[in-house]
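**Q** model this:
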Amino acid sequence: MSGQYGRRSLSVDTQDAGARLDRYLADEIPEYSRTFFQSLIKDGAVQVNGSASRPRDLVHAGDAIDIAFPEVVVPEILPQNIPLDILYEDNDIIVVNKPKGMVVHPAPGHPDKTLVNALLYHCRGNLSGINGVARPGIVHRIDKDTTGVLVAAKTDAAHRFLARQLAVHSITRVYEAIVYNSFSEETGTIDRPLGRDPRDRKKFAVTAGGRRAVTHYRVVNNLGRFAHITCQLETGRTHQIRVHMAYAGHPLLGDPLYGPSKCPYRLEGQCLHARTLGFIHPSTKQYMEFEAPLPEYFQKLLKTLGESN
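**A** Okay, the predicted model is just below:
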């Protein structure tokens with residue numbers, strides 16, 4: 001794998017133009033704080049279009065940002081023989097159906113048994129290195145307790161090609177969810193900016209200073225106190241569906257962070273499933289679309305809710 005010294009590259013899309021450089025980086029890479037990036041920028045470790053910048057400088061659409069993270073002692077990430085539900089695989093990409101409870105890549109509190117550990121074993125280490133040694137192959141993520149389709153890149157070229165599609169929001173991403181409260185309308189759109197919750201940095205919130213986020217939803221079935229919906233992402237911000245639906249008065253059932261503190265059913269996290277993922281293939285340049293069936297727990301819960309109404 002390449003990129004083993006923690007270098008990352010970003011391309012600013014139109015919707016993020018005008019943001020301060022330090023804020024943009026903290027929003028784009030939320031595992032690090034704005035203060036961390038301010039120090040990194042002042043140390044000359046962040047270049048915009050090949051030149052050093054200041055934290056307060058504004059980013060522009062199309063800016064190429066290169067970040068050299070300081071060398072740290074990173075625990076060795078070992079391949080682990082963990083079964084994968086593979087939906088598709090070739091020399092460029094691998095598409096998997098991630099199960100509930102699996103973290104995508106190692107992080108504090110989750111040093112192993114992640115999707116990355118499983119991919120390293122299955123792909124024999126042949127994964128892109130653009131995101132560094134801690135996130136080989138990872139182009140995008142879904143939350144630990146969200147199930148469904150995720151694509152990983154085997155080469156740096158494939159990674160860059162997929163990342164460009166993510167940046168311009170051309171990838172198809174459709175989710176299914178069970179939320180609190182029935183709907184009077186069949187379809188709707190939530191267009192509200194998202195950013196770090198100023199009261200709790202572990203959470204995100206609708207905030208005037210956030211980045212534009214757009215979620216389109218459709219009601220599949222009203223289920224009394226709950227509803228089964230699909231959500232199509234126009235943008236892909238962290239926790240976007242969870243925050244948007246809570247903001248609209250329909251928090252996800254089982255969501256421990258944005259929903260009611262007590263859940264009427266024994267669930268392990270939010271009822272959210274990444275059903276559909278579609279993109280242009282890096283080599284063939286043909287559109288491909290993949291679907292992951294609803295997990296068993298989700299199907300059983302729908303049946304239970306249907307029978308109770």
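**Q** now do the helices in this protein.
**A** Secondary structure of the chain (DSSP state H): helices at 21-28, 34-42, 115-122, 156-167, 240-247, 296-307.
**Q** highest average neighbour count across those helices?
**A** Of all the helices of the chain, helix 240-247 has the most neighbours on average by mean count of other Cβ atoms under 10 Å, namely a mean of 24. Where you see a C-beta, it was placed from the backbone N, CA and C, and this is true even at glycine.
**Q** so what touches that one?
**A** By Cβ atoms under 8 Å, 6 or more residues apart in numbering, the residues outside helix 240-247 that reach it are 143, 175, 177, 179, 190, 192, 194, 204-206, 213, 215, 217, 231, 233, 251-252, 255, 257-259, 270, 272.
**Q** where in this protein is pLDDT low?
**A** 1-6, 31, 71-75, 132-133, 308-309 (pLDDT under 70).
**Q** at 50 what do you get?
**A** By pLDDT under 50, the weakly predicted segments of the chain are 1-5.
**Q** Val48: which of the helices of the chain is closest?
**A** Val48 lies closest, by Cβ to Cβ, to one member of the helices of the chain: helix 21-28, at 6.9 Å.
**Q** which residues are contacting the closest one?
**A** 10, 12, 16, 19, 32-34, 36-38, 41, 46, 48, 53-59, 65, 67, 195-196, 209-211.
**Q** take the helices of the chain and lay them out in CSV including distance to Ile138.
**A** Below are the helices of the chain laid out as CSV (distance: least, Cβ to Cβ, whole Å):
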stretch, distance to Ile138
helix 21-28, 14
helix 34-42, 20
helix 115-122, 7
helix 156-167, 9
helix 240-247, 18
helix 296-307, 24
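**Q** among the ones you listed, which is nearest Ile280?
**A** Closest among the helices of the chain, once you apply Cβ to Cβ, is helix 156-167, at 6.3 Å.
**Q** circling back: mind checking which of the helices of the chain is nearest Ala107?
**A** Per Cβ to Cβ, nearest to Ala107 of the helices of the chain: helix 115-122, 10.1 Å.
**Q** okay, strands next: where are they in the stretch 1-150 of the chain?
**A** With strands called from DSSP state E, counting those that start in this stretch, the stretch 1-150 of the chain shows them at 7-11, 46-48, 51-52, 64-68, 86-89, 93-98, 147-153.
**Q** which of the ones you listed is buried the deepest?
**A** The highest mean neighbour count among the strands of the stretch 1-150 of the chain, using mean count of other Cβ under 10 Å, belongs to strand 147-153: a mean of 25.
**Q** what distance do you get for Ala107 to Arg218?
**A** According to Cβ to Cβ, to the nearest Å, Ala107 and Arg218 sit 33 Å apart.
**Q** show the contacting residues for the closest residue to Ala157 other than its chain neighbours.
**A** In space, Ala157 comes closest to Pro282 once its chain neighbours are excluded; the distance is 6.5 Å by Cβ to Cβ, 6 or more residues apart in numbering. Going by Cβ under 8 Å, 6+ apart, Pro282 touches 92-93, 153, 155, 157-158, 161-162.
**Q** and those, which is closest to Asp85?
**A** Ranked by distance to Asp85 (Cβ to Cβ), these are led by Ile93 at 15.3 Å.
**Q** and the spatially most central residue of the chain, what are its phi and psi?
**A** The residue lying closest to the centre of the chain (Cα atoms, centre = their mean) is Arg141, at 3.6 Å. Dihedral angles of Arg141 (phi, psi; degrees, to the nearest 10) stand at phi -130, psi 160.
**Q** how much space between the closest residue in space to it that isn't next to it in sequence and Gly137?
**A** Closest residue in space to Arg141, ignoring its immediate chain neighbours: Val104 at 4.6 Å, by Cβ to Cβ, 6+ apart. Val104 is 10 Å from Gly137, where distance means Cβ to Cβ.
**Q** more crowded one of these two?
**A** Gly137 (27 against 21; other Cβ atoms under 10 Å).
**Q** need the contact list for that one.
**A** The contact partners of Gly137, by Cβ under 8 Å, 6+ apart, come to 94, 116, 119, 123, 127-128, 131, 152-154, 159.
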